[in-house]
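> Would you be able to build a 3D model of this:
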Amino acid sequence: MEILEPHPRVSIVLSTSWVSVLGFDRAKGYLPQALQKRVRGATYHSTFKSWWDSATRHQQIAGYVMRHRLTDWIAVDDNDVGWPEEKRHHLVHTDEQSGLGDQKAQEILAHKLANGVAK
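The predicted model follows:
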């Protein structure tokens, strides 16, 4: 993905139901090769199964962020349910169908990457 090229330190963490259904390696395998190289983990882990199914996507991501003590992070997601206003600056909310294929979503992500995300 061209947007990430100027940002070699950016890593990807999968937060998708695909990981719980397909497994981490298979879900990662659906990404283009350039993105696969940046994937460092997933928010889902089988030890969280009972909690995972009832948590909002924001709760799933926030749990990962806390466990890994992340300060600079961006979530790209088509699900914005449960995102508190004070955390929305971390979110690039995409269309369910087009995702990051949407020009506006790409522009928002590029802006956040170039200018940093407020902590």
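> How far off centre is the helix-or-strand element of the chain with minimal mean pLDDT?
The helix or strand of the chain with the poorest confidence is helix 49-52; it has a mean of 81 (mean pLDDT, DSSP states H and E). Centre-to-centre, helix 49-52 and its host chain are 18 Å apart (CA atoms, centre = their mean, to the nearest Å).
> Report the buried residues of it.
By neighbour count with 16 or more other CB atoms under 10 Å, helix 49-52 contains the buried residues residue 52. From N, CA and C alone the C-beta is placed, and that goes for glycine too.
> Can I get that helix as PDB, trimmed to CA atoms?
Coordinates of each C-alpha in helix 49-52 appear next as PDB, following Å, rounded to 0.1, in the frame of the first residue of the first chain:
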ATOM      1  CA  LYS A  49     -13.000 -16.100  23.200                       C
ATOM      2  CA  SER A  50     -15.900 -15.600  25.700                       C
ATOM      3  CA  TRP A  51     -15.200 -11.900  26.100                       C
ATOM      4  CA  TRP A  52     -14.400 -11.300  22.500                       C
END
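> what does that helix rub up against?
With contacts defined as CB atoms under 8 Å, 6 or more residues apart in numbering, helix 49-52 is touched by 20, 44, 60.
> Output the below-cut-off pLDDT ranges for the chain.
117-119 (pLDDT under 70).
> Which parts of it belong to which domain?
For the chain, automatic domain parsing gives the domain ranges 10-54, 74-119.
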